[in-house]
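Participant: Model the following, please.
(one chain, ligands or ions: 1)
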Amino acid sequence: MKAYVVEREALIHNIQAIRRFAGLVPIWGVMKGNGYGIGLVPLSKLLYENGIDRFAVTELKEAEQLRELFPQAPILMLRSTADPAEIQKLLDLNVILTVGSYETAVAINGIAADRSTIAEVHLCIDTGMGRYGFFPDDVDKIASVYEYMKSLAVTGIFTHFHSAFCSEKATKQQFEKFQTLLEQLHAAGYETGMAHCCNSHAFLRHPEMHLDGVRIGSAFLGRLSFKERLGLRKIGYAECTLEELRTINKGQTVGYGAGFKAKGTMRVAVISLGWYNGFTAERENDLFRARDCLRGMLRYFKWLLFPKKILVSVNGHKCRVLGHVGMVHAVVDVNDIDCAVGDRVIAEVNPLTIKGLKVQYR
Ligand SMILES: *Cc1c(COP(=O)(O)O)cnc(C)c1O
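Facilitator: Have a look, this model is predicted:
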């Protein structure tokens, strides 16, 4: 037995805290990556039951699943696609499309005209993320979408922050570029509809940037750097069983690379959780910038000198992992606790990195 357990109550707590903080501002539930690893279907249902009734996706498959569950809910495709087959299918599903370039606008406009329909779209503005979107100083190009694309109904406009988790300054700069563009478009007489820019970190840090909508993903899972602000909780853990108990003697080793050597006779337990299941993937650093690299290096040296213990909980007792975690196994020190084969073991993992674990809501 092994699973990733989602604690329904904690998840609902987070959803409600986020809703309260958003006030009257609509929330797009971002469902990419199979609902951040905890299942698009159960997560979206729980969001819907708790008042979040619009969704944002990055894949056609996600839009299909959501449309089946929620015939009326607004669904926004965040990726700007000019692929005709994909556009046709997204229009069949009544999905709001993203227009991030003039070419995409032309493609969608043409298909919508052929279908004798009006396609609802949001414009994507690239204020620094560098993947989709019009540049904010391409005002003429942006204006031409409003002006000439008669088969497009532009009901929204958005941008995406690249550093909301680490830099208020960069986020403010991006926000200003976005605001300036909005003002220019309004001055030229265009209705920009729903303007939105916040992801989870910006949502928590910058209430003044909520505008007409926010796009939230990781905050639901309580997985972000300043979750304390809203009292967001962890929503789950990996669970497995104690597979085998054994006694090893002085000098005997454990795991690949013989990473652990017993100093004396001790009782150890084999558990059915390894890096393939996302266990210890947590330790990886995000080395974004020079300063992160430096911090990463310092952390690594510190770790070499004072190896950080990886802990699991066996029957509620914290136990350290011995040696290196294997692909689907790890060995833990149970010398000082009562336990038996079949006992429950729980561990921290990032649900985005889990493989081979069934997600269970409890
Ligand atoms: C992933 C994503 C989000 C949500 O980001 P979180 O930080 O997980 O809330 C919002 N907008 C876009 C465009 C995204 O790709």
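
Participant: Now that residue 21 has come up, it's in contact with residue 230, right?
Facilitator: Yes: in this structure, residue 21 is within contact of residue 230 by C-beta atoms under 8 Å, at 5.7 Å. (C-beta placed from N, C-alpha, C; glycine too.)

Participant: Spell out which residues are contacts of both of the two.
Facilitator: Residues touching both residue 21 and residue 230 (C-beta atoms under 8 Å, 6 or more residues apart in numbering) are residue 204.

Participant: Neighbours of whatever residue of the stretch 1-150 of the chain ends up closest to the ligand, how many?
Facilitator: Residue nearest to the ligand within the stretch 1-150 of the chain: residue 30 (4.1 Å; C-beta to the nearest ligand atom). For residue 30, the count of nearby residues is 24 (other C-beta atoms under 10 Å).

Participant: Sort out which residues of the helix or strand of the chain with the lowest mean pLDDT are buried, please.
Facilitator: Least confident helix or strand, the chain: helix 290-305 with a mean of 76, by mean pLDDT, DSSP states H and E. Residues of helix 290-305 classed as buried by neighbour count (16 or more other C-beta atoms under 10 Å): none.

Participant: and the helix or strand following that helix, which strands flank it?
Facilitator: Of the helices and strands lying after helix 290-305 in sequence (DSSP states H and E), the nearest is strand 311-314. According to DSSP bridges, strand 311-314 forms sheet pairs with strand 317-322 (antiparallel), strand 344-347 (antiparallel).

Participant: And the average pLDDT for the shortest one is what?
Facilitator: Computed over strand 344-347, the mean pLDDT rounds to 96.

Participant: How far does it sit from its chain's centre?
Facilitator: 24 Å (C-alpha atoms, centre = their mean, to the nearest Å).

Participant: Next secondary structure after it?
Facilitator: Once the chain leaves strand 344-347, the next helix or strand it forms, by DSSP H and E, is strand 358-361.

Participant: contact partners of that next one?
Facilitator: With contact meaning C-beta under 8 Å, 6+ apart, strand 358-361 is reached by 2, 3, 4, 5, 6, 8, 37, 38, 39, 42, 46, 351.

Participant: how about low-confidence regions in the protein?
Facilitator: Residue ranges of the chain with pLDDT under 70: 227-228, 281-289, 307.

Participant: Kindly report the domain assignment for it.
Facilitator: Following automatic domain parsing, one finds the domains of the chain at 8-221, 236-361.

Participant: looking at those, which is buried most?
Facilitator: domain 8-221 (a mean of 19; mean count of other C-beta atoms under 10 Å).

Participant: Endpoint to endpoint, that one covers what distance?
Facilitator: Terminal residues of domain 8-221 lie 11 Å apart, using C-alpha to C-alpha, to the nearest Å.

Participant: Over to stretch 189-203?
Facilitator: In stretch 189-203, first residue to last residue: 29 Å (C-alpha to C-alpha).

Participant: ok, residue 110 - contacts?
Facilitator: Taking C-beta under 8 Å, 6+ apart, we find residue 110 in contact with residue 151.
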